[in-house]
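> I need the structure of the sequence given here:
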Amino acid sequence: MNKNSEPKHSLDPVSGFLNRNAGMETAGRLLAESKDRNDLLVAFWVDIDRFRQINDSFGHAGDSVIGHIAERIRTCVREDCSFLRVGSDEFVILIPVLEALGIEQIASWILLEIEEPLLIDGILIHPSASIGIAWSRADDDPGGLLERADRAMIDAKQQGGNRFVVSGNEAAPGRLGAKLAREELAIESALHLALENGGLELHYQPIIRPDGRIEAVEALMRCTVDDTKIPPDKFIPVAEKSGLIVRLGEWSLLQGTRCAARLREQGYATKVAINVSRLQLISTDFLQALHGALICANVPPELIELELTESLFMDISPTVQTNLHSARALGVGLAIDDFGTGFSSLASLKDIPATKLKIDRAFIKLLPGDRRTLAIVKAMAQLGVSWA
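Below is the predicted model:
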């Protein structure tokens, strides 16, 4: 596929490859064509090894790495192949073939090409990749083909990376693994439909003071597609894995700020707490989205509070810190959710200008009977008071 043969809105701007949505449509079309011709379609799933380390080290230059590696991938295969970018550091190559001969040689060429040193910001880096390969089957759909390539890539990465694994040779994930992978693909498809057709809504849970007054409301996302409700513990992990969490988060910001504005118009200056994800906060576009939501809703920043999930503690990068400090400078509150468990730690706490600690329920459910837990919760509360 010539990179200029598709509409610009279908292309990922960094790699020049098809974006995820256009890529899935192309995969479906190519698979149908291969069945009509009675030949094969081969999927290569390529994942850059240690890309997070590269991205954390170079920031914006991470896009430069993606662009260079995408161009290297393109030079290794024929022009009639299709190239997809399916994740931040993941690509898929779709190759129509009459026979399987030579496919593994192509994988070796790609690995060697990617392995060439790359000069970024004056530092010579040595990238590598893990590749999973899958051939189409008579009963395949695009999800099944790509799922097998993805599983093979994961096995290549678990073996140390800088290698390829052919589907069928990887460690078997078992029937449950395949079932869960297909369920994730179905949920991802449902999320796309919900974003397009209005299947998302926010439910507002009140936060009540001891005297009975409502201090704030927390916006909780709910998803319904074709009259079927998808639980948050199902769709949120899939949204995070696929990158859709950014679009869901931006939608939540718009709807949550509008709710705060409506409450204010009715005489209730009630704060609205809105969940934001790590993927939103590592983006340089986050402040633009936050500003846009506040302006569209015409609501004072003091009536908005951002709830930070524990996964944020894995990446307190300069971009994240800039976004958080800028949000605080606007007057927006920051609440750390589920504090005291998971990834949250005192070492990370010093880097986050939070205004509220929400102690994890693992501590609260033992109160007031457990004296040790009571002492820990008191210490946490005192820490929050002193820190503020």
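
> CA atoms for contacts and neighbours, from now on please.
Will do.

> could you pull out the strands for the stretch 201-350 of the chain?
Remark: strands assigned in the stretch 201-350 of the chain by DSSP state E, counting those that start in this stretch are 214-225, 228-230, 271-276, 304-308, 333-339.

> mean pLDDT and mean neighbour count added to those strands, as a markdown table?
Below are the strands of the stretch 201-350 of the chain laid out as a markdown table (pLDDT from 0 to 100; neighbours: other C-alpha atoms under 10 Å):
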| stretch | mean pLDDT | mean neighbour count |
| --- | --- | --- |
| strand 214-225 | 94 | 18 |
| strand 228-230 | 94 | 12 |
| strand 271-276 | 96 | 25 |
| strand 304-308 | 94 | 25 |
| strand 333-339 | 84 | 22 |
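
> export the ones you listed to JSON lines and tack on distance to residue 207?
Shown next, in JSON lines, are those (distance: least, C-alpha to C-alpha, whole Å):
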{"stretch": "strand 214-225", "distance to residue 207": "5"}
{"stretch": "strand 228-230", "distance to residue 207": "25"}
{"stretch": "strand 271-276", "distance to residue 207": "10"}
{"stretch": "strand 304-308", "distance to residue 207": "13"}
{"stretch": "strand 333-339", "distance to residue 207": "13"}
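
> compare the ones you listed and give me the one nearest residue 16.
Using C-alpha to C-alpha as the measure, strand 271-276 is the one of those that comes nearest residue 16, at 28.7 Å.

> just checking, what packs against that closest one?
If you count contacts as 3 or more C-alpha pairs under 8 Å, 6 or more residues apart in numbering; DSSP states H and E, strand 271-276 packs onto strand 214-225, helix 245-265, strand 304-308.

> domain assignment for the chain?
What automatic domain parsing lists as the domains of the chain is 8-172, 184-387.

> deepest of those domains, which one?
Using mean count of other C-alpha atoms under 10 Å, the stretch among these with the greatest mean number of neighbours is domain 8-172 (a mean of 18).

> what about the helices in the stretch 1-150 of the chain?
Along the stretch 1-150 of the chain, the segments classed as helices by DSSP state H, counting those that start in this stretch run 20-37, 51-58, 61-75, 103-114, 142-158.

> picking up where we left off before, okay if I get the helices and strands packed on strand 271-276 as CSV plus distance to residue 334?
Formatted as CSV, the helices and strands packed on strand 271-276 follow (distance: least, C-alpha to C-alpha, whole Å):
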stretch, distance to residue 334
strand 214-225, 13
helix 245-265, 14
strand 304-308, 5
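
> so which of those gets nearest residue 292?
Nearest to residue 292 among the helices and strands packed on strand 271-276 is helix 245-265 (8.2 Å), distances taken as C-alpha to C-alpha.

> what inclination does the closest one have with respect to strand 271-276?
Angular relation of helix 245-265 and strand 271-276 on a 0 to 180 degree scale: 180 degrees, by axes from the mean of the first three to the mean of the last three C-alpha atoms, to 10 degrees.

> so what does helix 245-265 touch, helix or strand wise?
For helix 245-265, the packing partners by 3+ C-alpha pairs under 8 Å, 6+ apart are strand 200-208, strand 214-225, helix 232-242, strand 271-276, helix 278-281, helix 286-297.

> residues in contact with the first one?
The contact list for strand 200-208 (C-alpha atoms under 8 Å, 6 or more residues apart in numbering) reads 194, 214-224, 252, 255-256.

> before we move on, what about the third one?
Under the contact criterion C-alpha under 8 Å, 6+ apart, helix 232-242 has outside partners 87, 184, 187-188, 191, 221-223, 245, 248, 279.

> try it again with 6 Å
Here helix 232-242 makes contact (C-alpha atoms under 6 Å, 6 or more residues apart in numbering) with residue 245.

> any idea of the mean pLDDT for that helix?
The average pLDDT within helix 232-242 is 85.

> and it, C-alpha only, in PDB?
Presented in PDB, the C-alpha positions along helix 232-242 are these (Å, rounded to 0.1, in the frame of the first residue of the first chain):
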ATOM      1  CA  PRO A 232     -16.500  -0.500  34.100                       C
ATOM      2  CA  ASP A 233     -14.100  -3.200  35.400                       C
ATOM      3  CA  LYS A 234     -14.500  -4.700  31.900                       C
ATOM      4  CA  PHE A 235     -14.300  -1.700  29.600                       C
ATOM      5  CA  ILE A 236     -11.800   0.500  31.500                       C
ATOM      6  CA  PRO A 237      -8.800  -1.900  31.200                       C
ATOM      7  CA  VAL A 238      -9.600  -2.500  27.500                       C
ATOM      8  CA  ALA A 239      -9.800   1.300  27.000                       C
ATOM      9  CA  GLU A 240      -6.400   1.700  28.600                       C
ATOM     10  CA  LYS A 241      -4.800  -1.000  26.600                       C
ATOM     11  CA  SER A 242      -6.100   0.200  23.300                       C
END
